[in-house]
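>>> would you be able to build a 3D model of this:
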Amino acid sequence: MPAPAANKRVKNKRISRNIIIGSEAFQLPPLGDPARPKGIPDDHTKRWTVYVRQPAGDPALTTWLNKVQFKIFNTYENPLRTCENPPFEVTETGWGGFTIDVRLHFQPISGEKAQYRQHFLQLEKYGDEKQQAEQERTGLVRAEYLEVVQFNEPTEALFEVLTAEDQWNYLAANAKGGGKKAAMAGLRPDGRPKRGFPNGERSAQLPEKGGDEIPFSQDQEQALIQLLKEKMGVVDKELQEETKKREETEKKLKDLRAELGHEAAQEAAQKASGDRSRRR
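Numbers count the residues shown, from 1 in each chain. Modelled structure (predicted):
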């Protein structure tokens, strides 16, 4: 069997992958505090980390992500930071927030150009009173969002790795590394690793069954399709009834023209139209 081509595309296929782009900021001990790390500028009040991560239980990022570049503020030494291996993150200290450019570089087999994202480095407390109280208690300010990366008509080579089972192997490895209890928690009854959804159904396709923690499934998709078909049937029936009424009205107008003459029939039609407008 020939190897999948690195440039030939799989037509009419689109596969999406989720990533989390975010940052965490911690309050630094004040000047003079023995716990304050050495070598940090006096005006820096926060230690922060900006990162690109995969959601818990998702396929391994490295299946499709080759490296990440973070463009931080130009007053930092070497402001363009490149992470070629996980963890894809940069840690620094500072005193104020700013926008960070994030450039995602895909694996060479993808044949895809790099994509850009942006993230604002949030260093100060934000949100409602409850959120700010929790941030004050923990000393941690976290700001992150879920981003979707889509591969439309991927190369054959990329399609193969995005649909391969071994992209979840790291889940089983992590569970085994945490002892027997962790290993059992990380595996399904059939011995395969659990994935993002509680029933372990996760692939490039929608899961078959829905649940409280599953936003959409094949069952729900079929139910929605059936509902749309029913609604379309109602609309078609109403359209047929309206078409029948229109045909009956046109027939009456034709008969009037034949009986009264064209001008009288036109006057009658205009009067009928005016009556309908007033009823609306």
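>>> tell me where the model's unsure across the stretch 151-280 of the chain.
175-219, 261-265, 268-269, 272-280 (pLDDT under 70).
>>> for the stretch 101-250 of the chain, just list every one of the strands.
Along the stretch 101-250 of the chain, the stretches classed as strands by DSSP state E, counting those that start in this stretch are 115-120, 140-152.
>>> so which of the ones you listed comes closest to residue 100?
Residue 100 lies closest to strand 115-120 among the strands of the stretch 101-250 of the chain, at 5.0 Å (Cβ to Cβ). Quick note: C-beta positions are derived from backbone N, CA and C, even for glycine.
>>> pull out the buried residues from that closest one.
Buried positions in strand 115-120, judged by neighbour count with 16 or more other Cβ atoms under 10 Å: 117, 119.
>>> packing partners for it?
strand 14-27, strand 99-106, strand 140-152 (3 or more Cβ pairs under 8 Å, 6 or more residues apart in numbering; DSSP states H and E).
>>> let's have those strands in a markdown table, adding mean neighbour count and distance to residue 162.
What follows is the helices and strands packed on strand 115-120, written out as a markdown table (neighbours: other Cβ atoms under 10 Å; distance: least, Cβ to Cβ, whole Å):
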| stretch | mean neighbour count | distance to residue 162 |
| --- | --- | --- |
| strand 14-27 | 18 | 5 |
| strand 99-106 | 18 | 11 |
| strand 140-152 | 14 | 7 |
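>>> nearest approach to residue 224 belongs to which of those?
Closest to residue 224 of these is strand 14-27 (Cβ to Cβ; 18.7 Å).
>>> that closest one pairs with which strands, parallel or anti?
strand 46-53 (antiparallel), strand 140-152 (antiparallel) (DSSP bridges).
>>> and of those, who's closest to residue 78?
Set against residue 78 and scored by Cβ to Cβ, the strands paired with strand 14-27 come closest in strand 46-53, at 14.6 Å.
>>> how close does residue 241 get to residue 174?
Distance of residue 241 to residue 174, given as Cβ to Cβ, to the nearest Å: 62 Å.
>>> more neighbours, these two?
residue 174 (13 against 10; other Cβ atoms under 10 Å).
>>> for residue 161, grab the count of nearby residues.
Residues lying near residue 161 (other Cβ under 10 Å) number 20.
>>> that one against residue 167, yeah?
Yes. With contact defined as Cβ atoms under 8 Å, residue 161 and residue 167 form a contacting pair (6.8 Å).
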